[in-house]
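S.K.: Have a look at this fold, sequence not included:
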């Protein structure tokens, strides 16, 4: 079979790109497509240094830094990619990749990190955080997102089989597209994030500092607990705002390399996570280091962390995204942490290894290929 893999945009190496990396290991001969490709020369190893076919957005003014601002054009752009010569198309999509045009003689399997978040249930949050909830610009943004929703729903019909990255996203796929999906959790580098038995007396959080990650909530909560030390790794638009909220017991390290993050994850007493995430790879990375997690108890966290009521707990949940709820969760963790072992955390994380991901993906796509061959053979006889 001739295979094409299509990804939304190639600008960094994050969670979605780790899925893409594993797909290309499974299909090394596949051709790679993307809306834009601005990966630096030194960061192209995970795509096997492949050449990438891009869309007209690649050549738009300031696209390298402002590619997201071309979102209104991306549905049109993705439809201009000619994939008619391929038998199997695999899309890795959290925005527009699943909308590529395919024909009845082609099999399209889409691994969905999420339906377009800012166009569906998170629209109001996105508009507010972007300052687009009022005025003419706000009206234009609402109209644009309305049109994207119509396009996104329509193009779901071009996907033959959906894969969701969590049960949470599977539910969102059903809500938005009314399509069933199989859940295959994304890969986590559990061989890199190795455990350490001895922990130190500090808490850790790490994330890009954007509003929905709720680093501000974590910093405010620990500022109210001056006897507890918090280390914060990460940088982003909210860095200065968060810095102003931080008490003397909070250390902000900004962006740090992978090795430094690993070191802190290994030594931390617990990792703190306050975002509503589709999956949340970093919470699994923490557990791979043998470190418990204190997390907001909604979304993907419910699938990656074992609460205190399980036989082998790996963390503690709080169920309101506010300071008081997090403070209580920290207190509960300190009462119960003796019941959360390094080995339990590590064992739980091993469920999400890259090897397990490749096996599950390979088996599922092979099954879909067999069904596709059977359908096309039957249609040829009618």
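M.R.: Looks like it arrived, so ask away. Computed from a prediction, not measured in an experiment: that's the story for all the values here. Residues are numbered from 1 along each chain as shown.
S.K.: So the nearest residue in space to residue 182 that is not next to it in sequence: helix, strand or coil?
M.R.: Distances taken as Cβ to Cβ, 6 or more residues apart in numbering place residue 163 nearest to residue 182, at 5.6 Å, with adjacent residues excluded. The C-beta positions use only the backbone N, C-alpha and C, and glycine is treated the same way. The local conformation at residue 163, judged by DSSP: H, G, I helix; E, B strand; the rest coil, is strand.
S.K.: Quick check: bridge partners of residue 163?
M.R.: Per DSSP bridges, the residues bridged to residue 163 are residue 111, residue 182.
S.K.: i'd like the first residue to be 805 from this point on
M.R.: Sounds good: first residue 805 from here, last item residue 967.
S.K.: who's in contact with it?
M.R.: Residues near residue 967 by Cβ atoms under 8 Å, 6 or more residues apart in numbering: 913-916, 985-988, 1165, 1168.
S.K.: would you turn those into TSV with pLDDT?
M.R.: Formatted as TSV, the contacts of residue 967 follow (pLDDT from 0 to 100):
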residue	pLDDT
913	98
914	98
915	98
916	97
985	97
986	98
987	97
988	97
1165	97
1168	97
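S.K.: Just name the closest of these to residue 823, please.
M.R.: Nearest to residue 823 out of the contacts of residue 967 is residue 915 (Cβ to Cβ; 6.1 Å).
S.K.: what's the spacing between the closest one and residue 974?
M.R.: Using Cβ to Cβ, to the nearest Å, we find residue 915 at a distance of 12 Å from residue 974.
S.K.: circling back to that earlier point, neighbour-wise, which of the contacts of residue 967 leads?
M.R.: Among the contacts of residue 967, the one with the most neighbours (other Cβ atoms under 10 Å) is residue 915, at 29 neighbours.
S.K.: unless I'm mixing things up, that residue is touching residue 973, no?
M.R.: No - here residue 915 does not reach residue 973: they are 10.2 Å apart, not a contact under Cβ atoms under 8 Å.
S.K.: Ignoring the adjacent residues along the chain, who's closest to residue 1003?
M.R.: Take residue 1003 and drop its neighbours on the chain: the residue closest to it by Cβ to Cβ, 6+ apart is residue 1073, 5.1 Å away.
S.K.: The one you found contacts residue 1000, doesn't it?
M.R.: No - contact criterion Cβ under 8 Å: residue 1073 and residue 1000 do not qualify, at 11.7 Å.
S.K.: quick one: buried residues of the longest helix along the chain?
M.R.: Identified as the longest helix of the chain according to DSSP state H is helix 1158-1185. For helix 1158-1185, the neighbour count (16 or more other Cβ atoms under 10 Å) marks 1158, 1160-1161, 1164-1165, 1168-1169, 1172-1173, 1176 as buried.
S.K.: quick one: residue 1097 and residue 836, what's the gap?
M.R.: From residue 1097 across to residue 836, the span is 34 Å (Cβ to Cβ).
S.K.: before we move on, back to that, show me what the longest helix of the chain is packed up against.
M.R.: helix 819-830, strand 892-897, strand 911-916, strand 965-968 (3 or more Cβ pairs under 8 Å, 6 or more residues apart in numbering; DSSP states H and E).
S.K.: switch to 7 Å and redo it
M.R.: Applying 3 or more Cβ pairs under 7 Å, 6 or more residues apart in numbering; DSSP states H and E, one finds that helix 1158-1185 makes contact with helix 819-830, strand 911-916.
S.K.: Throw the ones you listed into TSV and include distance to residue 923, thanks.
M.R.: Compiled in TSV, the helices and strands packed on helix 1158-1185 are given as follows (distance: least, Cβ to Cβ, whole Å):
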stretch	distance to residue 923
helix 819-830	17
strand 911-916	14
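S.K.: and of those, who's closest to residue 808?
M.R.: The nearest among those, by Cβ to Cβ, is strand 911-916 at 9.6 Å.
S.K.: by how many degrees do the closest one and helix 1158-1185 diverge?
M.R.: 150 degrees (axes from the mean of the first three to the mean of the last three Cα atoms, to 10 degrees).
S.K.: Domain-wise, how is this protein divided?
M.R.: As assigned by automatic domain parsing, the chain contains the domains 807-991+1157-1185, 1007-1155.
S.K.: So which of those is the most surrounded?
M.R.: Counting by mean count of other Cβ atoms under 10 Å, domain 1007-1155 has the highest mean neighbour count of these, with a mean of 19.
S.K.: average pLDDT for it?
M.R.: If you average the pLDDT over domain 1007-1155, you get 95.
S.K.: ends of that domain, how far apart?
M.R.: One end of domain 1007-1155 sits 24 Å from the other (Cα to Cα, to the nearest Å).
S.K.: gap between residue 846 and residue 871?
M.R.: According to Cβ to Cβ, residue 846 stands 20 Å off from residue 871.
S.K.: Revised request: answer the last question for residue 1091.
M.R.: Counting by Cβ to Cβ, the gap from residue 1091 to residue 871 is 33 Å.
S.K.: Same question for residue 807.
M.R.: Separation of residue 807 from residue 871 (Cβ to Cβ): 26 Å.
S.K.: can you pull the contacts of the spatially most central residue of the chain?
M.R.: When Cα atoms, centre = their mean is applied to the chain, the residue found nearest the centroid is residue 819 (5.0 Å). Shown in contact with residue 819 (Cβ atoms under 7 Å, 6 or more residues apart in numbering): 990, 1085.
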